[in-house]
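Peer 1: Here you go, sequence then predicted model.
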Amino acid sequence: MSYPFPGMDPWLEHPALWRDVHHSLLSALRDDLSPRIRPRYFLAVETHTYVTVPPNLPPTSRYPDAMIIHRGGTPVATLAPALIAPFVTVELPRHDPLIEGYLEVRLVPTGEVVTVIELLSHTNKSLGHERDNYIEKRQSILDSHVHFVEIDLLRANPPMPYANTHTSDYRVFMRRREKPFQARVYPFNMRDAIPAFPLPLLPDDEEPMVELGALIARVYERASYDLVIDYTRPPDPPLRQADAEWAHAQLEKQP
């Protein structure tokens with residue numbers, strides 16, 4: 001099955017699939033841009049590390065002191081019966097690291113970081129500690145002398161600060177180093193083609209266009225996502241009724 005939409009496929013946003021899409025799209029961005037900016041620039045994959053807790057923890061107690069899982073039997077009677085106390089077995093929260101990538105455009109041979117490209121994930125967009133941590137790192141980039149590009153292809157959860165001035169399903173946020181107090185936002189909706197945008201580089205250097213829509217279609221077909229997506233079920237999060245009807249009309253056109 002070929003890529004079924006002119007823009008973003010909302011079924012790709014499912015949390016169980018997005019991590020694979022996230023890694024695949026970052027790799028596709030690097031493979032597409034690297035030949036077009038060499039030999040002056042090198043495009044490196046860097047990572048954020050997030051700490052998560054077991055998914056079955058109640059949302060009101062993200063970092064509990066302990067979690068009861070079952071009661072034990074009567075302890076061995078090594079003391080006087082009056083001093084024997086019942087016990088419980090508890091499971092301590094496991095802080096499993098989650099590593100997510102982003103891209104850095106570096107100047108050759110100095111290694112100076114010229115541009116940071118972030119592709120948002122559910123981890124850094126969901127409300128909570130991880131989002132706060134990401135926003136803090138994001139602000140440090142905005143305060144620096146570095147270009148910043150942030151791609152948000154997830155409808156779930158609120159947009160990031162400064163990228164929320166226009167209501168839309170998706171957006172690309174760009175802050176150029178030569179205009180530190182201005183930013184450009186490319187808003188677009190599920191039915192729209194994903195807008196192309198220039199990759200910010202140093203002055204006088206030709207800036208290649210980032211054709212994100214074509215890259216997503218290419219990743220979709222190479223990864224065979226059509227084999228694992230159930231288009232008979234609504235995407236996560238669900239679409240507005242009019243958009244859902246439009247999406248199913250697009251899918252019916254597929255051979």
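Peer 2: Okay, I see it.

Peer 1: In this structure, what helix or strand scores lowest on average pLDDT?
Peer 2: For the chain, using mean pLDDT, DSSP states H and E, the weakest element among its helices and strands is strand 67-71, scoring a mean of 30.

Peer 1: Read off the pLDDT value for residue 45.
Peer 2: According to the prediction, residue 45 has pLDDT 88.

Peer 1: just the strands in the chain please.
Peer 2: With DSSP state E as the definition, the chain shows strands at residue ranges 41-52, 67-71, 88-91, 96-107, 113-119, 147-152, 170-175, 184-188, 197-198, 209-210.

Peer 1: Compare the ones you listed and say which comes out lowest on pLDDT.
Peer 2: Among those, strand 67-71 carries the lowest mean pLDDT, at a mean of 30.

Peer 1: For stretch 176-191, buried residues please.
Peer 2: Of the residues in stretch 176-191, those scored as buried under the neighbour-count criterion (16 or more other Cβ atoms under 10 Å) are 176, 183, 185, 186, 187, 188, 190. Where C-beta positions appear, they are placed from N, C-alpha and C, glycine not excepted.

Peer 1: just stretch 133-150 next, same as before
Peer 2: Of the residues in stretch 133-150, those scored as buried under the neighbour-count criterion (16+ other Cβ under 10 Å) are 133, 134, 138, 142, 146, 147, 148, 149, 150.

Peer 1: Output the below-cut-off pLDDT ranges for the stretch 1-150 of the chain.
Peer 2: Within the stretch 1-150 of the chain, the segments meeting pLDDT under 70 span 48-85, 87, 90-98.

Peer 1: neighbours around the nearest residue to residue 228 once chain neighbours are set aside, how many?
Peer 2: Spatial nearest neighbour of residue 228, excluding adjacent residues (Cβ to Cβ, 6 or more residues apart in numbering): residue 17 at 6.9 Å. The local packing of residue 17 (other Cβ atoms under 10 Å) involves 16 other residues.
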